[in-house]
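Participant: All I have is the shape, not the residue letters:
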């Protein structure tokens, strides 16, 4: 997963870009059902859905944060299936008070 800012202010949109690769060759691939799940620090699912295809192996999802959302470290997980194998990655982003 790349192009994830480490910090987002409450009330802004997270733009999550993921690059999927074949686990054996490292080549960019288009998995079946690429999905993004974003959860808040208390485990509430803020986003769970399909990602938009940008190009071979490249997908994006957006998650709108609200001014009332919890601040802290949120979990971002992207996954799909390619060649019968699950390809996934999990990362953390920080949501902070709006300035």
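Facilitator: Noted; the coordinates are in hand. Everything numeric in this text was worked out from a predicted model, so none of it was measured. Residues are numbered from 1 along each chain as shown.

Participant: if I look at residue 62, how far off is residue 41?
Facilitator: According to C-beta to C-beta, to the nearest Å, residue 62 and residue 41 sit 20 Å apart. Bear in mind the C-beta positions are built from the backbone N, C-alpha and C, glycine included.

Participant: meant to ask about residue 98
Facilitator: To residue 41, residue 98 is 17 Å away according to C-beta to C-beta.

Participant: now do residue 72
Facilitator: Where residue 41 is concerned, residue 72 sits at a distance of 4 Å (C-beta to C-beta).

Participant: Which one's more surrounded, these two?
Facilitator: Remark: of residue 72 and residue 41, residue 41 carries more neighbours, 15 against 12, as counted by other C-beta atoms under 10 Å.

Participant: three-state assignment of the more buried one?
Facilitator: Of the three states, residue 41 takes coil under DSSP: H, G, I helix; E, B strand; the rest coil.

Participant: can I assume it is in contact with residue 69?
Facilitator: No: the criterion here is C-beta atoms under 8 Å, and residue 41 misses it with residue 69 at 9.6 Å.

Participant: give me the low-pLDDT residue ranges for the chain?
Facilitator: For the chain, applying pLDDT under 70 flags the ranges 1-5.

Participant: In it, what residue spans correspond to strands?
Facilitator: Taking DSSP state E, the strands of the chain run over residues 7-9, 13-19, 32-39, 45-50, 52-55, 58-64, 72-82, 85-96.
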